[in-house]
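Chemist: Let me see the structure of the following:
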Amino acid sequence: MSKKKKQKQSEREVEREIVRYLRDHPAFFENHLDLLADMTLPHETGHAVSLIERQVSVLRDQRDEARRKLQHLVYTAQKNEELSHHINTLILALLDSTSLEEMLEVVRNRLADDLDAEAVVVRLFDTGHATMRALPELVDWSEPVLGAFEKVIAGRRPVCGSLKPGQLDALFSGQSDNIASAALIPLVESTSSQRCYGLLAIGSPDRSRFRADMGTVFLSQLGKVLTRVLKMHLA
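Modeler: Got it, this is the predicted structure:
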């Protein structure tokens, strides 16, 4: 007997074993619906769609949707893990800073390098501390300009989205034409803090980078940590 004939005979024997097993276990596919969703069953019904075809189609749709959701969850988890790592690295670098100037430099460099922030600006309000007087980050905004950020400061929470021209000019002087979306982070210890030490602004030319409906948990954490380290240098 040739090798080819032996192979065909072996395949027929395997098929008979499979048929015998399926007959002895009629509930097999009920216990393995995922397998059924991957199978193609010939079922001649003309132009009509049989119940079997409809069930298999529904199973396949459900499987594909579940896979898409799982892939999205995995992607989101990976991005959150990556972001958490960068935030932790930033926090450690902030704690290691030995001066207010070094702390501000760490913020700008880390956010630009690790978080791909195109524009990073820190604007500090005058607290009367002598260390702040020579800082370029110190602002003495007039009432109209300060009023443009009143809601953000009063809300004590990060705000994301597009900014008004006056806000862009006040924060991103010389870069405002390239900023399509931004995150504004009040420098406060908590939402109930009495004092706001300033604003951290992160800008992007991508209009969808910072959206009004996006989560701000990491941004809020960043603002609180930055505020506490800032207080340490002003003590």
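Chemist: Every contact and neighbour count from this point should use C-alpha atoms.
Modeler: Noted.
Chemist: the domain parsing of the protein - what is it?
Modeler: 3-68, 97-234 (automatic domain parsing).
Chemist: where in this protein is pLDDT low?
Modeler: Applying pLDDT under 70 to the chain flags residues 1-3, 6, 29, 33-51, 127-134, 136, 138-146, 235.
Chemist: Would you map the helices across it?
Modeler: Ranges of helices in the chain, per DSSP state H, are 3-24, 33-37, 51-96, 100-114, 143-147, 150-155, 165-171, 217-234.
Chemist: Can you redo those helices as TSV, where the extra columns are distance to Leu187?
Modeler: TSV is the format used below for those (distance: least, Cα to Cα, whole Å):
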stretch	distance to Leu187
helix 3-24	68
helix 33-37	52
helix 51-96	14
helix 100-114	13
helix 143-147	15
helix 150-155	9
helix 165-171	15
helix 217-234	5
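Chemist: For Glu137, find the nearest of the ones you listed.
Modeler: When the helices of the chain are compared by Cα to Cα, helix 100-114 sits nearest Glu137, at 8.8 Å.
Chemist: before we move on, back to that, out of the domains of the chain, which one sits most buried?
Modeler: domain 97-234 (a mean of 17; mean count of other Cα atoms under 10 Å).
Chemist: starting at the chain centroid, how far to that domain?
Modeler: With Cα atoms, centre = their mean, to the nearest Å as the basis, domain 97-234 stands 20 Å off its chain's centre.
Chemist: Just the endpoints, please. Distance across that domain?
Modeler: 13 Å (Cα to Cα, to the nearest Å).
Chemist: re the thing from before, can you lay out the domains of the chain as a markdown table showing distance to Asn88?
Modeler: Output for those, formatted as a markdown table (distance: least, Cα to Cα, whole Å):
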| stretch | distance to Asn88 |
| --- | --- |
| domain 3-68 | 30 |
| domain 97-234 | 9 |
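Chemist: out of the ones you listed, nearest to Glu81?
Modeler: domain 97-234 (11.3 Å).
Chemist: Now do the residue lying closest to Ile91 once chain neighbours are set aside against His32, distance only.
Modeler: Of all residues not flanking Ile91 in the chain, Val225 sits nearest, at 7.0 Å (Cα to Cα, 6 or more residues apart in numbering). Going from Val225 to His32 by Cα to Cα gives 51 Å.
Chemist: Now Ala112: closest residue in space, sequence neighbours ignored.
Modeler: Counting by Cα to Cα, 6+ apart, the residue nearest Ala112 is Glu118, at 6.2 Å.
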